[in-house]
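Below is the sequence, then the predicted model.
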Amino acid sequence: MRHLMSPLDFSVEELDKLLDLAQDIEAHRGKYAHACEGKKLATLFYEPSTRTRLSHEAAMLNLGGSIMGFSSADSSSAAKGESVSDTIRTISCYADICAMRHPKEGAPMVACQHSSIPVINAGDGGHQHPTQTLTDLLTIRNLKGRLGNMTIGLCGDLKFGRTVHSLINALVRYEGISFILISPEELRLPEYIRHDVLDRNNIPYEEVVRLEEAMPNLDILYMTRVQKERFFNEEDYVRMKDFYILDKAKMKLAPEDMYVLHPLPRVNEISVEVDDDPRAAYFRQVQYGVYVRMALILTLLDIHIG
Amino acid sequence: MVKNTLNVGRISEGFVLDHIEAGKSMEIYKYLHLDKLDCCVAIIKNAKSSKMGKKDIMKIECPIDFMDLDILGFIDHNITVNIIEDGEIISKKPLALPKEIRNVIKCRNPRCITSIEQGLDQIFVLTDEENQIYRCKYCEEKYRRH
């Protein structure tokens, strides 16, 4: 039985197969409409997350399965002090697969050690969010037709942004990848990722502060939100949150075939005037998130549709 | 008798841990869970050493298959581990960094599941041998010694 704890749980070959399946699902949705009939997905969300929970639920419903679960710790036995290991042993008796989001880092890992059903890590604190990374990879591959030989611009909060860290880890496994890291000095990519991941894999990268400087050289621009909860004082947050605002004027500097991605939700780092630009791909990214989660559920349940 | 010298008798079977950094022996006593073992243990603190100036020495009398000493590689790989049988040193155990450390050190990340989940083993995994880096199995936080 397999679980998904980190995007690196899949080899490049396994990932290719998963993304191929997601593409086939997109092209032939009807073929998969009953693939999970009689199967149940439990969404165990110990903290609120609209997008990730609904995306998992939509994926299972699209496959003809059913869903159950809770959307905050208050409405689960965790409020009574139940451990993660006891909860998952119980849920294993009810459902066929589960997606877990938990504020504590490593909680889904504890769950998979005691589970008799596949566990999907749907986000554990600031640690991992592998289904977002799968979503990002599928989006990039579908838009650009490849995952290698491109320059990715990562912009915003590169210090705390777990989606950025996971995406870097996943992309360095492909040929010809280079990065432009766009951030204010205070939110630079942590040294351990620059050293342990980029330098160790001989990945070319440059760090810039101005977004305008990077725009003409990008194949993908991955924008991130500056998260209020990461700052200890309001003043720093206010100063940082408006540091980057992608607008029409900046989009003019970018190549015609560059795409903008964002894990969402956005606040004001992408102006709404950019939404109509054909290169704005962040809402398509949400749709790809459903397809890739459908492919993931099928893969973890070992269901094959001919 | 030489002045300021303390003699501790030979052991017939067990281990002599030599070249322990002065003052570290109680730490090792704790890491090896020696308080829970019913065996004879001698701790010599601040013994004179030509190489180190001062050092600690520990003598543990127990069957040699009784104890897992791999953790010493994590604590201090300069320690010399002499294996004793019939009162003689029969070999020296080479120390290497253990691949995994279980229930010896604790994750200090307050956001880690180990901070709230009852009965969960504290497990650290060697992720970078060259730089001697251990990370928590659950949250992957790097263990910092100080």
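Good, I have the coordinates.

ranges for the strands of the chain?
By default, I'm working from chain A. Remark: strands assigned in chain A by DSSP state E are A:40-45, A:66-70, A:97-102, A:119-124, A:150-155, A:177-182, A:205-208, A:220-223, A:259-261.

hmm, I had chain B in mind actually
B:14-21, B:40-49, B:53-61, B:80-85, B:88-93, B:100-102, B:123-128, B:133-136.

Okay, buried residues for the first one please.
It stands for strand B:14-21. Of all the residues in strand B:14-21, those buried under the rule 16 or more other C-beta atoms under 10 Å in any protein chain shown are B:14-18, B:20-21. For every residue, glycine as well, the C-beta is placed using N, CA and C.

Redo those as a markdown table? Include distance to A:His195.
As requested, these are exported to a markdown table (distance: C-beta to C-beta, whole Å):
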| residue | distance to A:His195 |
| --- | --- |
| B:Gly14 | 43 |
| B:Phe15 | 38 |
| B:Val16 | 40 |
| B:Leu17 | 35 |
| B:Asp18 | 36 |
| B:Ile20 | 33 |
| B:Glu21 | 29 |
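
Keep these, but drop any that are not near chain A.
Taking C-beta under 8 Å from any C-beta of the partner chain as the test, chain A is in contact with none of the buried residues of strand B:14-21.

roughly how far apart are A:Ile177 and B:Glu100?
Per C-beta to C-beta, to the nearest Å, A:Ile177 is found 32 Å from B:Glu100.

Those two - which one has more neighbours?
Neighbour totals were compared for A:Ile177 and B:Glu100, and A:Ile177 leads with 21 against 11 (other C-beta atoms under 10 Å in any protein chain shown).

got a list of what the more buried one touches?
By C-beta atoms under 8 Å, 6 or more residues apart in numbering or on different chains, the contact set of A:Ile177 is A:148-150, A:152, A:171, A:203.

Give the bridge partners for it, please.
Beta-bridge pairing of A:Ile177 under DSSP bridges involves A:Met150.

Out of the contacts of A:Ile177, grab the one that's most surrounded.
Greatest neighbour count in the contacts of A:Ile177, by other C-beta under 10 Å, goes to A:Leu171: 25 neighbours.

doesn't A:Arg146 make contact with that residue?
No - using C-beta atoms under 8 Å, A:Leu171 is not in contact with A:Arg146, being 11.5 Å away.

Can you get me a residue count around A:Gly123?
Based on other C-beta under 10 Å, the number of other residues close to A:Gly123 is 27.

my bad, A:Pro48
A:Pro48 has 11 nearby residues by other C-beta under 10 Å.

A:Leu138 now?
Neighbours of A:Leu138 (other C-beta under 10 Å): 25.

separation between the residue nearest in space to the middle of chain A and chain B?
By C-alpha atoms, centre = their mean, chain A has its centre lying nearest to A:Gln132, at 1.2 Å. According to C-beta to the nearest C-beta, to the nearest Å, A:Gln132 stands 17 Å off from chain B.

By proximity to chain A, which residue of chain B wins?
Taking C-beta to the nearest C-beta as the measure, chain B has B:Tyr138 as its residue closest to chain A, at 2.6 Å.

Alongside chain A, which residues does chain B contribute?
Counting by C-beta under 8 Å from any C-beta, the residues of chain B close to chain A are B:109, B:111-120, B:128, B:136-142.

right, and A:Leu137 touches A:Phe10 too?
No - using C-beta under 8 Å, A:Leu137 is not in contact with A:Phe10, being 9.9 Å away.

Now find how far off-centre the longest helix seen in chain B is within its chain.
Longest helix in chain B, counting residues (DSSP state H): helix B:25-31. Computed by C-alpha atoms, centre = their mean, to the nearest Å, the chain-centroid distance of helix B:25-31 equals 6 Å.

buried set for it?
B:25, B:28, B:31.

again with stretch B:126-145
Buried residues in stretch B:126-145, counted by 16+ other C-beta under 10 Å: B:126, B:133-141, B:143.

of all these, which comes closest to A:Leu21?
Of all the buried residues of stretch B:126-145, A:Leu21 sits closest to B:Glu140, with 28.5 Å by C-beta to C-beta.

Need the pLDDT of the residue sitting nearest the centre point of chain B.
Residue closest to the average C-alpha location in chain B (C-alpha atoms, centre = their mean): B:Leu72, at 3.5 Å. According to the prediction, B:Leu72 has pLDDT 88.

who's in contact with the nearest residue to A:Ile88 once chain neighbours are set aside?
Nearest non-adjacent residue to A:Ile88, counting by C-beta to C-beta, 6 or more residues apart in numbering or on different chains: A:Ala111, 4.2 Å away. Contact analysis of A:Ala111 by C-beta under 8 Å, 6+ apart lists A:44, A:84-85, A:87-88, A:98, A:100, A:119.

Go through those and name the one nearest chain B.
Once C-beta to the nearest C-beta is applied, the member of the contacts of A:Ala111 that ends up nearest chain B is A:Val84, at 5.8 Å.

Dump the buried residues of helix B:25-31 to CSV, plus pLDDT and distance to A:Glu185.
Shown next, in CSV, are these (pLDDT from 0 to 100; distance: C-beta to C-beta, whole Å):
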residue, pLDDT, distance to A:Glu185
B:Ser25, 93, 46
B:Ile28, 90, 44
B:Tyr31, 85, 41
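
doesn't A:Asp277 make contact with A:Lys248?
Yes - in this structure, A:Lys248 is within contact of A:Asp277 by C-beta under 8 Å, at 7.4 Å.

which of the two has more neighbours?
When neighbours are counted by other C-beta under 10 Å, A:Asp277 comes out ahead of the other of A:Lys248 and A:Asp277, with 15 against 11.

pLDDT value on that one, please?
Looking at A:Asp277, its pLDDT is 98.

and it, how far is that from A:Ala249?
Counting by C-beta to C-beta, the gap from A:Asp277 to A:Ala249 is 12 Å.

what's the weakest-modelled helix or strand in chain B?
Lowest on mean pLDDT, DSSP states H and E among the helices and strands of chain B sits helix B:71-75, with a mean of 87.

pLDDT score for the residue lying closest to A:Asn201 once chain neighbours are set aside?
Once flanking residues are discounted, A:Asn201 sits nearest to A:Val172: 4.7 Å by C-beta to C-beta, 6+ apart. For A:Val172, the pLDDT comes out at 96.

Check the burial of A:Val172 by counting its neighbours.
Counted with other C-beta under 10 Å, residues neighbouring A:Val172 total 15.

Please report phi then psi for it.
Backbone geometry at A:Val172, expressed as degrees, to the nearest 10, gives phi -70, psi -10.

okay but it is in contact with A:Arg194, surely?
No - with contact defined as C-beta under 8 Å, A:Val172 and A:Arg194 do not form a contacting pair (11.7 Å).

Any idea what the residue nearest to B:Met26 when sequence neighbours are not counted is bridged to?
Of all residues not flanking B:Met26 in the chain, B:Ile43 sits nearest, at 7.2 Å (C-beta to C-beta, 6+ apart). Here B:Ile43 sits in beta bridges with B:Met58, going by DSSP bridges.

Compute the inter-axis angle for the top helix by length along chain A and strand A:40-45.
In chain A, assigned by DSSP H, the helix with the most residues is helix A:282-300. Orientation of helix A:282-300 against strand A:40-45 (axes from the mean of the first three to the mean of the last three C-alpha atoms, to 10 degrees) gives an angle of 120 degrees.
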